[in-house]
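Undergrad: the following comprises the amino acid sequence and a computationally predicted model.
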Amino acid sequence: MKKNQNVTIKGTKDGLTLHLDDSCSYGELKKELDRKLSENSRSVEDRLLSVRVQVGNRYLTEEQQEELKELIRQKKNLIVESISSNVITKEEAEKQKEENEIVSVAKVIRSGQVLEVAGDLLLIGDVNPGGTVMAGGNIFIMGALKGIAHAGCHGNKEAVIVASLMKPSQLRISNCINRAPDKDQDDEKREMECAYIDENDQITVDRLQVLMHLRPNITRLQGGS
Amino acid sequence: MGEAIVITSGKGGVGKTTTSANVGTALALQGKRVCLVDTDIGLRNLDVVMGLENRIIYDLVDVVEGRCKIHQAVVKDKRFDDLLYLLPAAQTSDKTAVTPEQMKKLVDELKQDYDYIVIDCPAGIEQGYKNAVAGADKAIVVTTPEVSAVRDADRIIGLLEKEENVEAPKLIINRIRSHMMKNGDMLDVDEITAHLSIDLIGIVADDDEVIKASNHGEPIALNPNSKASIAYRNIARRILGEAVPLQPLEEENKGVFSKLKKFFGVK
């Protein structure tokens, strides 16, 4: 066995895993990977093998990832399934954090105003007619929703909109749009309601309590009972 | 050092100018030195409502462009002894003749000489609005019990909240027709206040007398018998910090007798 082996190949029941060492230089790694895989490809196998690549604490740029994928792909019976790394850039981390955060805002969103957040929105106040709230995730409104709410605005179809008083001029979730009926049909006392995309790709408004079954992922509580 | 109050609404025709004239007059009646400033350049009419049109020599644009001093341009209201003045807008230029910075400087200068500067804002949210708001410390939003006016008021409140130098705006609901409100054909006072979620500083009933008085160039606030006049006087007192309860809206109770009196022109 060579002393410092930068590339190790392990077989698991799901396929091959390539462990690439993170202490050597990128150039060295590429060279060794090329050599290793060339040795291996001598063994004759017909079917395609999927490979997962683990790079440890090494950060790979998009180009480098492509380069590695290309390198491995050239060995004819190998396909890269995924490249996983323990490290991400600060920007990516911040973006992920933003997308998973609940942002709380105490404000009345008035006509002409637009409030947009990357993650979930908790609005402590109303959305007046002509006002818009947008969120990459879910929208929870503690007051009255009389304007437009757009949840999952980057395409998340699982997103929901919850409001204490649901009287929106428009509801949007992902790319579905639903508008209020032209006639005000009810003035009966209503409790808190939620809106979600149902199995027919339609936005449906229902009691709040249905969400725990439909969108169990909303629960973020770890542990507890 | 005085205080500058801008009267605005977003929507046109809800009674900004009438409110400016009457709040200003009512403040003067309370013994304050007041200067009304018309910022509706190109479409001035505060001077007409005040009945001061034919005394105008210089205007706001003249002051800003240095053609005259402020004290030369302000028009004194003869009905008051050295309390009420008007700085009229120019009729020949348009809103772009003045910048917000110039307005701020002008208002700051006026604040040295007067207790209250009441700024009449033009309709809209463009340059004219920006000019009017630039120098203000406080804002009063005027609306009527109509959905469109309330919608625009909401928009303007949103813009005012962004202004750092302006305190949280106060609301006047103008042209209330009590019978329509009672029947639910009009938004009611509580509904509007809850929707806009700002403090109410006064309600003014729809009164033919207001139009009549405006046409005569006499602010209704000068007439102590009119309901609208009392409403404006109450607003002025609230601006001065007094706690004055809202006027009851019901006037039907006054019955046939008062209608007869009105019919015969007895006040």
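TA: Nice, thanks for sending it over.
Undergrad: state the distance from A:Asp120 to A:Glu99.
TA: Plainly put, A:Asp120 is 9 Å away from A:Glu99 if you go by CB to CB, to the nearest Å. Where C-beta positions appear, they are placed from N, C-alpha and C, glycine not excepted.
Undergrad: more neighbours: these two, which one.
TA: A:Asp120 (22 against 15; other CB atoms under 10 Å in any protein chain shown).
Undergrad: hang on, that one packs against A:Ile141?
TA: No - in this structure, A:Asp120 is not within contact of A:Ile141 by CB atoms under 8 Å, at 11.6 Å.
Undergrad: picking that back up, got any residues that touch both of A:Asp120 and A:Glu99?
TA: Residues touching both A:Asp120 and A:Glu99 by CB atoms under 8 Å, 6 or more residues apart in numbering or on different chains: A:Gly137.
Undergrad: ok so, going back, list residues touching both of A:Asp120 and A:Ile141?
TA: With CB under 8 Å, 6+ apart, A:Asp120 and A:Ile141 have no common neighbours.
Undergrad: so for stretch A:112-125, mean pLDDT?
TA: For stretch A:112-125, the mean pLDDT works out to 94.
Undergrad: what sits up against it?
TA: Counting by CB under 8 Å, 6+ apart, A:95, A:98-109, A:130-143, A:153, B:155, B:158-159, B:197 sit against stretch A:112-125.
Undergrad: please list the members of the residues you listed that lie in helices.
TA: With helices defined by DSSP state H, the entries of those inside them are A:Lys95, A:Glu98, A:Glu99, A:Asn100, B:Arg155, B:Gly158, B:Leu159.
Undergrad: interface residues of chain A facing chain B?
TA: Within chain A, the residues that sit near chain B (CB under 8 Å from any CB of the partner chain) are A:Val108, A:Arg110, A:Ser111, A:Gly112, A:Gln113, A:Gly125, A:Asp126, A:Asn128, A:Pro129, A:Gly130, A:Gly131.
Undergrad: from the residues you listed, which is closest to B:His179?
TA: Within those, the smallest distance to B:His179 is 26.1 Å, found for A:Pro129 (CB to CB).
Undergrad: with adjacent residues omitted, what lies nearest to A:Leu165?
TA: Leaving aside its chain neighbours, A:Leu165 sits nearest to A:Ala144 (3.8 Å; criterion: CB to CB, 6 or more residues apart in numbering or on different chains).
Undergrad: list the contacts of the one you found.
TA: Listed by CB under 8 Å, 6+ apart, the contact set of A:Ala144 reads A:Asp126, A:Val127, A:Ala163, A:Ser164, A:Leu165, A:Lys167.
Undergrad: since we're on the third one, how many residues are nearby?
TA: A:Ala163: 27 surrounding residues under other CB under 10 Å.
Undergrad: equivalent analysis for the first one, please.
TA: The burial count assigned to A:Asp126 is 25, neighbours taken as other CB under 10 Å.
Undergrad: that one against A:Ala149, yeah?
TA: No - with contact defined as CB under 8 Å, A:Asp126 does not reach A:Ala149; the gap is 11.5 Å.
Undergrad: overlap in contacts, those two.
TA: Residues touching both A:Asp126 and A:Ala149 (CB under 8 Å, 6+ apart) are A:Ile141.
Undergrad: my read is B:Gln112 is in a strand, agree?
TA: No - assessed with DSSP: H, G, I helix; E, B strand; the rest coil, B:Gln112 is helix; it does not lie in a strand.
Undergrad: separation between it and B:Gln72?
TA: For B:Gln112, the distance to B:Gln72 equals 16 Å [CB to CB].
Undergrad: quick one on the thing from earlier: tell me the confidence at the residue nearest to A:Leu165?
TA: Per the predicted model, pLDDT is 94 at A:Ala144.
Undergrad: burial of the residue in the stretch 51-200 of chain B that chain A sits nearest to, as a residue count?
TA: Using CB to the nearest CB, the closest approach of the stretch 51-200 of chain B to chain A is made by B:Gly158 at 3.5 Å. Using other CB under 10 Å, B:Gly158 has 21 neighbouring residues.
Undergrad: which one is it nearest to, not counting chain neighbours?
TA: A:Arg110 (3.5 Å).
Undergrad: which of the ones in helices among the contacts of stretch A:112-125 are buried?
TA: Buried members of the ones in helices among the contacts of stretch A:112-125, scored by 16 or more other CB atoms under 10 Å in any protein chain shown, are B:Arg155, B:Gly158, B:Leu159.
Undergrad: alright, I will stop here.
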